[in-house]
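Trainee: Predicted structure and sequence below. I'll ask about it afterward.
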Amino acid sequence: MKKLKIGIIGIGRLGYEHACNIANRVPGSELVAISDKNIARAKEVAEELGVSAVYENPADLCNDPNVEAVAIVTNTDSHVDMIELAMNAGKHVFCEKPLAETVEKCKKAEKIVEAHPELIFMLGFMRRYDHSYAIAKEKINRGDIGDIVLVRCYSQDPIAIIKGTLEYAPRSGGQFIDMSIHDFDLIRWLTESEPKKLWAIGGCYEFKQYKDWDDGDNVSCLIQNENETMAFFYAGRAAAHGSAVETEIVGTRGTLRISAVPTDSLLEVMSEHGVCRECYQDFVTRWHDAYVKEMEVFCDNVATGTPANPNVYDGTKSTNIAFRCKESFLKNELLTLSE
C-alpha cells in the first residue's frame, strides 16, 4: 500500500498528537517533514519520530518535493496563509479547526480551495469521526429515534489546563470560535439544517480577565434551526472534575446520549470519599481515536480522489454561527439569521 507522505506545520499540543498519529498509527501515512517556529522543538520531535526534514519556515516545507500533503496545526490566525502556501505548492491539505478567525478569511480559504479542484482539502472537526458519534448519526439516518427535536451539547475544559488556556485566550478568537465551534459543526451535521435564530448568554464567573477579551469563561446558546429543530449548547473553561463533552439528541421516538460519564474506562475507585470514576484530564485523550480515524479518512480521500468532509464550506458556516453567537452574547439579544 502506497503511503501518503505528509509534512506537518505546528508541533504544539495537538500538533504533536497528529504528528505521532501520522508517523505511527495511521497505516496510509508517512510523516516526512516537520515545521515549527520553535525550531528546537521541531528538531526534538523529528528525532523522536525518525523524521529527517525539519524546517523553521513553513514555505520551505510546502516546497519540499517529497511532501505530498500538509497537515496544518497552527494558530487559527495563520490557517488561511498556510492553506494558500500548501495548495499553491500543489499539496493536499488537512487543516485543524477553526478554518479562520473571521468569516472574511474563511471566504478567502474557499476561493483558494476552489482554485485547486485537483487537490483534497479536509477540515479537522474530529467529532464526526468519533465512534460513538458515528453510530449516533447512523441511528438518526435510519430513523431509530424518529425526527430530531433537540440537540444538546455540553463541553467543559479541565481546570488543570487553565494556565495554557488563559495564555492562548487573547489570540484564540474567543470561546465561541475556539471551543464551541465543534458543537456548531455537530448541530449542523446531526440536524442537517442551519440556524434560523439564536440567543447567546454567559459571563465571567471565575476568570474575570475574559471580560478584557469580550469573552466569557462560561457561555451558552439556544438555537432554532431552519427545519424547526432546536439546539442548546453550554461551554465552560474550568471544570474541576476534568475534560467533559456530552451530547444528547432528543427525537420524537427516542433519545441518544453520548459520553454522559467522561471516562476512558470502567474503572471505579473506592475510597473514604466513596465510589468514583476518574475523568479525562485533557481533550486529546478523549478524542485520540477520532484524531486517528479522521487522518485515515483524509489519506483514503487523497488515494481515491474523493472529496473530503468536513469541507471548507463547513468551516465557513460554523465560523459564521460562532460570530453571530458572539454578537448575540455581547448585545444580549435574540438574533435572526434567516427567515
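Mentor: On my side now, so go ahead. As the structure is a computational prediction, the values presented were derived from the model and not from experiment. Numbering: from 1, shown residues only.
Trainee: The helix or strand harbouring His18: what's the following helix or strand?
Mentor: Under the criterion of DSSP states H and E, His18 resides in helix 13-20. Per DSSP H and E, the first helix or strand lying C-terminal to helix 13-20 is strand 29-35.
Trainee: which secondary structure elements does whichever helix or strand comes after that next one contact?
Mentor: As assigned by DSSP H and E, the chain's next helix or strand after strand 29-35 is helix 39-49. Helix 39-49 sits against helix 13-20, strand 29-35, strand 53-55, with contacts defined as 3 or more Cβ pairs under 8 Å, 6 or more residues apart in numbering; DSSP states H and E. Any C-beta I mention is one placed from the backbone N, CA and C, and that applies to glycine too.
Trainee: any idea which of these is most buried?
Mentor: Ranked by mean neighbour count under mean count of other Cβ atoms under 10 Å, the helices and strands packed on helix 39-49 are led by strand 29-35, which reaches a mean of 24.
Trainee: Direction included, what does that strand pair against?
Mentor: Sheet pairing for strand 29-35, assigned by DSSP bridges, gives strand 4-9 (parallel), strand 53-55 (parallel).
Trainee: To Gly143, which of these lies closest?
Mentor: Gly143 sits nearest to strand 4-9 of all the strands paired with strand 29-35, at 36.7 Å, using Cβ to Cβ.
Trainee: Tell me where this protein is predicted with low confidence.
Mentor: The model of the chain has pLDDT under 70 over residues 260-261, 338-339.
Trainee: The same query, at a cut-off of 80, please.
Mentor: Across the chain, the ranges flagged by pLDDT under 80 are 1, 260-266, 278-282, 338-339.
Trainee: Touching whichever helix in it runs longest from outside, list them.
Mentor: Longest helix in the chain by number of residues (criterion: DSSP state H): helix 312-331. When contacts are defined by Cβ atoms under 8 Å, 6 or more residues apart in numbering, helix 312-331 is touched by residues 95, 97-100, 102-103, 106-107, 109-110, 113, 121, 123, 125, 173-174, 176-177, 180-181, 184-185, 188, 194-195, 198-202, 214, 216, 219, 221, 334-335, 337.
Trainee: Swap in 6 Å and give it another go.
Mentor: 98-99, 103, 106, 109-110, 113, 121, 123, 174, 176-177, 181, 184-185, 195, 198-200, 221, 335, 337 (Cβ atoms under 6 Å, 6 or more residues apart in numbering).
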